[in-house]
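Enquirer: The sequence and its predicted three-dimensional model are supplied below.
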Amino acid sequence: MRTAPEVEVIAAAVLQPHFDAVRDFWVEWHKAKGTGLEASIEAVELLVDPGIHDKERHFMATIDTGKRIYAAPEAADLPTDSLVAMLCHEFGHADDLQHPGLWLFKERERPAVLLDRDHDPKNLRRLERRWLNRDTDVIEWTADAIAYAVTGKKVGYCGPCLLQCFSGGEPRPEGLR
């Protein structure tokens, strides 16, 4: 029987290469677009934490600063499609949290739009205030819309637990936690 620290180390060995690949893709997207935001994304860390898997469908989370993504050890056992879609969703949160109000969520099933940091400062402050007052569903839909904007792929929700996936699935239902 493996001890908890061994399980976490093994899970990290499986998860880290996927995390690195998604992070590197995100960084290159920002570089190609000339956003100047790549350093903040490059600094995002992965931490394996068994406490994240507190509900059947919870395998990952991003802290409020957007600087760390937590993954449950069980995430290492997920199909690659779901694992990568989850990481892209979490990087959507990380990008959104580190750049309040810069990503515009317009509607579900559409990619988010990244504003230029040189956008009208008064308008950016208004958008940031609006950003602070979003409900949980809009926050989650925004992460998916950012992932769509960066990857060109829609994040769907598949299977009985409605896990993120890129292989079809349904749009994120309202109220899903």
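Expert: Happy to help now that I have it.
Enquirer: can you give me the helices in this protein?
Expert: Listed from the start of the chain, the chain has helices (DSSP state H) covering 4-33, 38-42, 80-98, 121-132, 136-151.
Enquirer: Of all those helices, which one comes closest to P50?
Expert: Within the helices of the chain, the stretch nearest P50 is helix 4-33; the backing value is 6.7 Å (C-beta to C-beta). Every residue, glycine included, has its C-beta placed from N, CA and C.
Enquirer: which strands and helices sit next to that closest one?
Expert: Contact partners of helix 4-33 among helices and strands, from 3 or more C-beta pairs under 8 Å, 6 or more residues apart in numbering; DSSP states H and E: helix 38-42, strand 45-48, strand 68-71, helix 80-98, helix 136-151.
Enquirer: I'd like to know which of these is closest to R177.
Expert: Across the helices and strands packed on helix 4-33, the minimum distance to R177, taken as C-beta to C-beta, is reached by helix 136-151, at 7.5 Å.
Enquirer: Hmm, A145 and R110 touching each other?
Expert: Yes. Look at R110 against A145 with C-beta atoms under 8 Å: they come within range, at 6.4 Å.
Enquirer: ok so, going back, any chance of the helices and strands packed on helix 4-33 in a markdown table, plus distance to A11?
Expert: Output for the helices and strands packed on helix 4-33, formatted as a markdown table (distance: least, C-beta to C-beta, whole Å):
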| stretch | distance to A11 |
| --- | --- |
| helix 38-42 | 23 |
| strand 45-48 | 5 |
| strand 68-71 | 7 |
| helix 80-98 | 11 |
| helix 136-151 | 22 |
